[in-house]
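**Q** Okay, here's the prediction I keep looking at, along with the sequence it came from:
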Amino acid sequence: MSSFLASFPVLSVITWAPFVGAILIMFLARRSAALVRGLAVLSTSVSLVLSIAVYVAYDREAAGFQFYEDFPLVPALGINYQLGVDGMSLLMILLTSIIIFAGTWASWTVKVRSQEFYALLLILVTGVYGVFVSLDLFVLFLFYEIAVLPMYLLIGIWGSSGEVRPQGVFGWAFGRTGVGTKEYAAMKLTLYLLFGSAFILVGILALYVAGDSSSFSFLEMELTQFDPKLQSWVFLAFYVGFGILAGIWPLHTWSPDGHASAPTAVSMLHAGVLMKLGAYGVVRLGMGLLPDGTLQWSWLVGTIACVNIVYGAFSAMAQTDLKYVIAYSSVSHMGVVMLGMATLTEVGLNGSVFQMFAHGIMTGLFFALVGLVYEKSHSREIFKMSGFGRMMPGIATAFTIAGLSSLGLPATAGFVAELLTFLGAWQSSHAWWLFPGVLGAYLTSVYVLRVTKQIFWGPPSTDPHFQNLPDARGPEWAALWILVGTIVLFGVWPSLALGPVDTATMPLLNRLWVLQ
Amino acid sequence: MTLPLWILAALAMGIGIWFSVSHPEVALAPPGWLTPLAIAVAVAGIALAWLVYGLRAISADRLFESFAWIGEAAVERFWLDDLFALVYRRVILGVSRATGWVDRYIVDGILNALSAWTLTAGDRLRRIQTGQAQDYLYGIALGVLLLMVWMRWPK
């Protein structure tokens, strides 16, 4: 199979297949919702099948970047269309493929302008794939922007608005900015992420200028020893820039609003994959290119991660809107990702990458389920809903499984990720990080079980709006089965992911440990 | 219906006997008086239960009255459930409400204030553009003046 995959630019096909799908949808599928969905499913299936094939065919013995592609774009400036995957990006590509494939099924019921919706969604996914496979920082940055911008339209047009009562000393600003509306959420998300990408661009340019090869190639920059002072501030720039997308405290507030306002598939993709893009950026560019900077700032990364974990969990518990609970849980779980990488240990970093995958799948499932519950009951108010388990047993079961993975129950992917991360924290030079981490896991179990019990397992609701609600049906099952299956598969067989991941994290850590 | 209980009881006793006969190596060596004391307490408990409920030699009600404070604590499950409820309702939920409020109205509030100020600043600044040529000339003159001052400024 590997010789077959080597016979064509497989990474380019994975990356651009959704884009081609988007163009076909725009040109061919006017007024035919079925054709739109068919093309979306077809193009994402191409990426999914090839991602799985690449995952299987990746040579773990040889490790390093494989399925390499190189094509000069602007030779004078050293910009090349250079692609390749290692064990870490491999897992991220698989995650992206699973989430977008499930997401196309989960958006089956989008009726308004479904042509444009799917086209934008697929363009966005091309950007995400592009970031994970790019080995040229300039191209990576281009893909990064492609991944961020369609979000504005997707939330602004197909999103949903809520209501937030102005309070506190800054309450006067609420009316001016439109807090609670989908337009506000879309604008906030876009401005925040563009603010972050300014830091990233500055960092990339600084490395380009400081490097002696005048090339944007990651592989060449990796060989360059940058001045420790430069490394120090460029690492901070990458940490803030990518960290905003990863939801680091206190720059996380775009994420709950954005995720709660976005339509189902967009929330799935954004919380499931785009936030990982941020964490991936910090590991790939921050740790990969700036070992001195990483050593200097790992205390800050880890400490803020601890704040994220506990603060995010407490905030999630305080929400009454189901979608906000899931959105804040992402803030908490992304803290686990950042904590794992800050430990600078093998188990910790492996746990971090595993958590990127586990949280991606789990939160994708959560948002798919919230979307389904809302579609059936037209409510997201946790404390108005009750006893839905009798009417929608399938949704209730899937929600419970997602919840158990969220709180880290053994046999789910979340358990492996959290266990490894906490082990890493204990082994790191800041052993106290373990305690906020474990407290976060405990708080997660409190809010997850509380919500699950309230909505699904409580006594049946007497509200006339909540009688005879249907369970998931037809294509809606596809997303649930795929995501639940993945959670359990990687929970009971973690080496499936940890094998390739370890080949990517070890060389990274070895370079750091030499300096220590 | 008692079969499962019999099986569990047999297993529990069997393991105990096996351990006391075979003396497996343990990392933590208990003091010598601990085992006899534990057995004595257990036997005393069994004997008391036998006297109260088997032979009915001692009245259960009388016993309860004379040890009322233990009885009450036992009835209240030693207030452990209340403790959990208190920690959950007052501490955990309290902290979570406070955190949720701070996040929405302070952490995010600062951001909203900043963006509202930005909007207001933009609103005010655009009034500079009056469309009158004289105003622009004043602006140019001011700029030139500032440039001259800057270039002549003693280093």
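**A** Received the coordinates, thanks.

**Q** residues from chain A in reach of chain B?
**A** A:164, A:167-174, A:176-177, A:179, A:188, A:191, A:250, A:253, A:311, A:314-315, A:317-319, A:443, A:446-447 (C-beta under 8 Å from any C-beta of the partner chain). Heads up, the C-betas are built off the backbone N, CA and C, glycines and all.

**Q** Okay, and which of those map to helices?
**A** A:172-174, A:176-177, A:188, A:191, A:311, A:314-315, A:317-318, A:443, A:446-447 (DSSP state H).

**Q** What segments of chain B are helices?
**A** Going by DSSP H, chain B shows helices at B:3-22, B:34-49, B:60-66, B:68-75, B:80-86, B:93-102, B:108-125, B:133-152.

**Q** Closest to chain B out of the ones in helices among the residues of chain A next to chain B?
**A** A:Ala318 (2.6 Å; C-beta to the nearest C-beta).

**Q** can I get the helices of chain B in TSV with mean neighbour count and distance to chain A?
**A** Shown next, in TSV, are these (neighbours: other C-beta atoms under 10 Å in any protein chain shown; distance: least, C-beta to the nearest C-beta, whole Å):
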stretch	mean neighbour count	distance to chain A
helix B:3-22	10	25
helix B:34-49	11	32
helix B:60-66	11	36
helix B:68-75	10	27
helix B:80-86	10	11
helix B:93-102	16	3
helix B:108-125	15	3
helix B:133-152	10	27
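
**Q** quick one: A:Leu419 and A:Ala413 touch, right?
**A** No - counting by C-beta atoms under 8 Å, A:Leu419 stays clear of A:Ala413, with 11.0 Å between them.

**Q** still on that earlier bit, turn the helices of chain B into TSV, columns for mean pLDDT.
**A** Formatted as TSV, the helices of chain B follow (pLDDT from 0 to 100):
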stretch	mean pLDDT
helix B:3-22	87
helix B:34-49	91
helix B:60-66	82
helix B:68-75	84
helix B:80-86	91
helix B:93-102	93
helix B:108-125	90
helix B:133-152	92
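
**Q** quick one: which of those is nearest A:Leu201?
**A** When these are compared by C-beta to C-beta, helix B:108-125 sits nearest A:Leu201, at 21.3 Å.

**Q** Against which helices or strands is that closest one packed?
**A** helix A:172-177 (3 or more C-beta pairs under 8 Å, 6 or more residues apart in numbering or on different chains; DSSP states H and E).

**Q** neighbouring contacts of the helix it packs on?
**A** With contact meaning C-beta atoms under 8 Å, 6 or more residues apart in numbering or on different chains, helix A:172-177 is reached by A:Val164, A:Pro166, A:Val179, A:Gly180, A:Tyr184, B:Gly109, B:Asn112, B:Ala113, B:Ser115, B:Ala116, B:Leu119, B:Thr120.

**Q** So which of the ones in helices among the residues of chain A next to chain B is surrounded by the most neighbours?
**A** Comparing these by number of neighbours (other C-beta atoms under 10 Å in any protein chain shown), A:Ser315 comes first, having 30 neighbours.

**Q** residues contacting that one?
**A** A:Pro256, A:Tyr328, A:Val331, A:Ser332, B:Ser96, B:Thr99, B:Gly100, B:Asp103.

**Q** Just put those residues in JSON lines and tack on distance to A:Ile487.
**A** Shown next, in JSON lines, are the contacts of A:Ser315 (distance: C-beta to C-beta, whole Å):
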{"residue": "A:Pro256", "distance to A:Ile487": "23"}
{"residue": "A:Tyr328", "distance to A:Ile487": "20"}
{"residue": "A:Val331", "distance to A:Ile487": "20"}
{"residue": "A:Ser332", "distance to A:Ile487": "18"}
{"residue": "B:Ser96", "distance to A:Ile487": "26"}
{"residue": "B:Thr99", "distance to A:Ile487": "28"}
{"residue": "B:Gly100", "distance to A:Ile487": "28"}
{"residue": "B:Asp103", "distance to A:Ile487": "28"}
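
**Q** distance of the residue nearest the centre of chain B from A:Ser495?
**A** Centrality entry for chain B: nearest residue to the mean C-alpha point is B:Ile92, 5.4 Å, by C-alpha atoms, centre = their mean. According to C-beta to C-beta, to the nearest Å, B:Ile92 and A:Ser495 sit 36 Å apart.

**Q** what's the answer for A:Leu483, then?
**A** Counting by C-beta to C-beta, the gap from A:Leu483 to A:Ser495 is 21 Å.

**Q** re earlier: of A:Leu419 and A:Ala413, who's got more company?
**A** More crowded of A:Leu419 and A:Ala413, by other C-beta under 10 Å: A:Ala413, with 27 against 17.

**Q** who's in contact with that one?
**A** If you count contacts by C-beta under 8 Å, 6+ apart, A:Ala413 has them with A:Phe354, A:Phe357, A:Ala358, A:Ile361, A:Met362, A:Ser405, A:Thr486, A:Ile487, A:Val488, A:Phe490, A:Gly491, A:Pro494.

**Q** Helix, strand, or coil at A:Pro410?
**A** When classified by DSSP: H, G, I helix; E, B strand; the rest coil, A:Pro410 comes out as coil.

**Q** State the phi and psi torsions of it.
**A** Backbone torsions of A:Pro410, given as degrees, to the nearest 10, read phi -50, psi 150.

**Q** do A:Glu381 as well
**A** According to degrees, to the nearest 10, A:Glu381 has phi -80, psi 110.

**Q** That one reaches A:Lys323, doesn't it?
**A** No - taking contacts as C-beta under 8 Å, A:Glu381 lies outside contact range of A:Lys323: 10.5 Å.
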